[in-house]
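**Student:** return a 3D structure for these sequence lines:
(one chain, ligands or ions: 1)
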Amino acid sequence: MSNPFLIGENMTGGYGRGADILHDCTISVAKGEIAVIVGPNGAGKSTAMKAVFGMLNLHKGSVRLDGEDITKLAPQARVAKGMGFVPQTQNIFTSMTVEENLEMGAFIRTDDFSNTLSQVYDLFPILKEKRYQAAGELSGGQRQQVAVGRALMTKPKLLMLDEPTAGVSPIVMDELFDRIIEVARSGISILMVEQNARQALEIADKGYVLVQGRNRFTDSGKALLADPEVRKSFLGG
Ligand SMILES: Nc1ncnc2c1ncn2[C@@H]1O[C@H](COP(=O)(O)OP(=O)(O)OP(=O)(O)O)[C@@H](O)[C@H]1O
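**Tutor:** Numbers count the residues shown, from 1 in each chain. Next up is the predicted model:
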């Protein structure tokens, strides 16, 4: 890819003073495209996302967003630059209403965010219906919609999702993936970690198979799905 919107290049590092988890790991996303990271448990998928978001000590490699080197920026500064991150767990405030959660998402904005709120409700109509309900009373899939909606409230240019379909039914997963495609079509780049590798690669422009913190396979989602070795080792045959 000649000019990726985001690239974490040769990322090497780990947590605190611990051993390296990532080894020369490279992940990139083009504008308005969907990139998916898959791989076995403990492969370092979430760690790669955290590295891109500035939550890891990298002693080698770099992260560039829209051509700018952001390797040294704290996560908060990356949000200001247009990165939205939805972590795997504890990604909503359960005792607050749906709408309060979404409003919290807009905390870094000083402009009027009512338009964005309407867009989020258009994308996830159920959230509008339940806007005065505590987010903790929602189903798993609806909570994930709140988490994604909250991240969208910052008007990110890049949306990072760590296992957005964790714990939801296949039907809800399909719906969430459809919404994610819609977000990408609006010009927002998506970087996503997924356990549901096959389904995620189906919607991926670009796929990364990580093993032990290293890039094992990198190709279009389609090519990875068709690769016999990827199928056998990572997609259950
Ligand atoms: N906060 C942390 N501190 C220290 N080590 C961590 C931390 N988080 C993860 N690790 C270690 O980093 C390695 C990679 O974990 P990571 O969560 O990135 O894998 P993953 O591919 O996302 O796995 P899974 O599919 O199980 O979620 C594991 O060995 C894990 O124990």
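**Student:** where's residue 50 relative to residue 22, distance?
**Tutor:** To residue 22, residue 50 is 9 Å away according to CB to CB, to the nearest Å. The way it works is simple: take the backbone N, C-alpha and C, and place the C-beta from them, glycine included.
**Student:** which neighbours do those two have in common?
**Tutor:** residue 56 (CB atoms under 8 Å, 6 or more residues apart in numbering).
**Student:** what's stretch 59-67 in contact with?
**Tutor:** Residues outside stretch 59-67 that contact it (CB under 8 Å, 6+ apart) are 3-13, 24-26, 51-52, 54, 69-71, 78, 81-83, 157-158.
**Student:** if we go to 6 Å?
**Tutor:** 5-13, 52, 70-71, 81 (CB atoms under 6 Å, 6 or more residues apart in numbering).
**Student:** cool, and stretch 226-237?
**Tutor:** Residues from elsewhere that reach stretch 226-237 (CB under 6 Å, 6+ apart): 197, 198, 209, 217, 224.
**Student:** run the last query once more with 8 Å
**Tutor:** Outside stretch 226-237, the residues that touch it by CB under 8 Å, 6+ apart are 38, 39, 40, 197, 198, 201, 209, 217, 219, 224, 225.
**Student:** tell me where this protein has strands.
**Tutor:** Ranges of strands in the chain, per DSSP state E, are 6-14, 22-29, 34-38, 57-65, 68-69, 83-86, 158-162, 189-193, 206-211, 214-219.
**Student:** any chance of those in TSV, with distance to the ligand, mean neighbour count and mean pLDDT too?
**Tutor:** Below are the strands of the chain laid out as TSV (distance: least, CB to the nearest ligand atom, whole Å; neighbours: other CB atoms under 10 Å; pLDDT from 0 to 100):
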stretch	distance to the ligand	mean neighbour count	mean pLDDT
strand 6-14	7	21	97
strand 22-29	8	22	98
strand 34-38	8	27	98
strand 57-65	11	17	95
strand 68-69	24	10	96
strand 83-86	14	24	96
strand 158-162	8	24	97
strand 189-193	6	26	98
strand 206-211	7	23	98
strand 214-219	12	17	98
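**Student:** quick check: which of those strands is nearest to residue 134?
**Tutor:** In terms of CB to CB, the element of the strands of the chain nearest to residue 134 is strand 83-86, at 19.4 Å.
**Student:** who does that closest one pair up with?
**Tutor:** Paired strands of strand 83-86, with direction, are strand 158-162 (parallel) (DSSP bridges).
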